[in-house]
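Chemist: Have a look at this prediction, sequence included:
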Amino acid sequence: MGESEHPLRVMTFNMQVDRGDPPHNWRERRASVVAMLRRERPHLLATQEGLRHQVTDVQDGLGEQYAWTGEGREGGSRGEHMAVFHDRERLAPVAHGHFWLSDTQQVAGSETWGGACPRMVTWVRFRDLATGAQFLLANTHFDHVSAYARSRSADLLAERLEVLAPAISRLVTGDFNTPAGDPEVHGPLLGRASLVDSWEVAEQRGPAHGTFHDYRPPEPDGPRIDWILASQGTRVRSAAAVLPAPGDRAPSDHLPVTAVLHPATLP
């Protein structure tokens, strides 16, 4: 069968940590998050900031067709997760792991680069049940305070991708806390890691908006800090920032970003 029969629907979504206080706490947003995800039905959903109870609520909302991989950035179930959900009818996990964005990357909760808090990567190697091909997804959330920490994080992630996926296609998702085009973050990932930005190479794109809106009207052509990156040669059929349906509560302070693509077949 040709590739056009098996596009992969990918979403990156900072679901915003549950701070517990209204008006935008998780209890008030949970239904809109689940409704949005049920509408979009990504095969692969990479989330940021969710605490364990938020991740569990998303799993319950999506149902048994989905499973998830991840742990908290403080280790185990503690702290924010870079949880990766997958459609079990389309994808099968082959291996997974985590590392921290620091000089001690295997130490849970470590932070050595002057960032505001620990940051991490959750990676999963998948087999595509429709095509038989394997690819690796790395999901992350870079620091929001320190440009140095973001730069070091980009370098480490590019380095680790060479080890984890030397001969298979790669996807990288996350909230990078810096606009696309940042030469210290976007640059190393596109260059050293041989990735493309799905938004930039998409055959079709939805309207461009800043992806962090903080519950204000989304800003046309604003900073795009949430990215789906893919190996060079990936065909990206479409990319979009998902706006709330008219009259609906915004599910998060970020817009989910989607891409419909075919992971590259590497030589």
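Modeler: Now that the structure is in, tell me what you want to look at. Residues are numbered from 1 along each chain as shown.
Chemist: Next, give phi and psi for residue 242.
Modeler: Backbone geometry at residue 242, expressed as degrees, to the nearest 10, gives phi -90, psi 110.
Chemist: which residues sit in contact with the residue lying closest to it once chain neighbours are set aside?
Modeler: Setting aside the residues directly before and after it, residue 242 is nearest to residue 256 in space (CB to CB, 6 or more residues apart in numbering), at 4.3 Å. For every residue, glycine as well, the C-beta is placed using N, CA and C. Contact partners of residue 256, counting by CB atoms under 8 Å, 6 or more residues apart in numbering, are 11-13, 36, 40, 226, 241-242.
Chemist: Give me the pLDDT for residue 256.
Modeler: According to the prediction, residue 256 has pLDDT 98.
Chemist: any idea how far residue 45 is from it?
Modeler: The spacing between residue 256 and residue 45, counted by CB to CB, to the nearest Å, is 9 Å.
Chemist: hang on, the earlier thing: which of the contacts of residue 256 lies closest to residue 211?
Modeler: Of all the contacts of residue 256, residue 211 sits closest to residue 226, with 4.2 Å by CB to CB.
Chemist: Touching, that closest one and residue 178? I think so.
Modeler: No. In terms of CB atoms under 8 Å, residue 226 does not count as a neighbour of residue 178; the distance is 10.8 Å.
Chemist: returning to what we had before: for the contacts of residue 256, which one is nearest residue 81?
Modeler: Relative to residue 81, the closest of those is residue 13; by CB to CB it sits at 12.2 Å.
Chemist: which residue packs closest to the closest one, ignoring adjacent ones?
Modeler: Nearest residue to residue 13 in three dimensions, chain neighbours excluded: residue 256, at 4.1 Å (CB to CB, 6+ apart).
Chemist: Tell me the spacing between the one you found and residue 211.
Modeler: 9 Å.
Chemist: shared neighbours of those two, which are they?
Modeler: 226, 241.
Chemist: Could I get the average pLDDT for stretch 140-156?
Modeler: For stretch 140-156, the mean confidence score works out to 98.
Chemist: correction: stretch 90-101
Modeler: In this model, stretch 90-101 has a mean pLDDT of 98.
Chemist: about what we covered before: quickly note the distance from the residue nearest to residue 13 to residue 76.
Modeler: When CB to CB is applied, the distance between residue 256 and residue 76 equals 27 Å.
Chemist: Tell me where this protein has helices.
Modeler: Read by DSSP state H, the chain holds these helices, from start to end of the chain: 26-40, 52-62, 147-164, 186-191, 198-201.
Chemist: now the contacts of residue 256: which count as buried?
Modeler: Of all the contacts of residue 256 considered here, the ones buried according to neighbour count by 16 or more other CB atoms under 10 Å are 11-13, 36, 226, 241-242.
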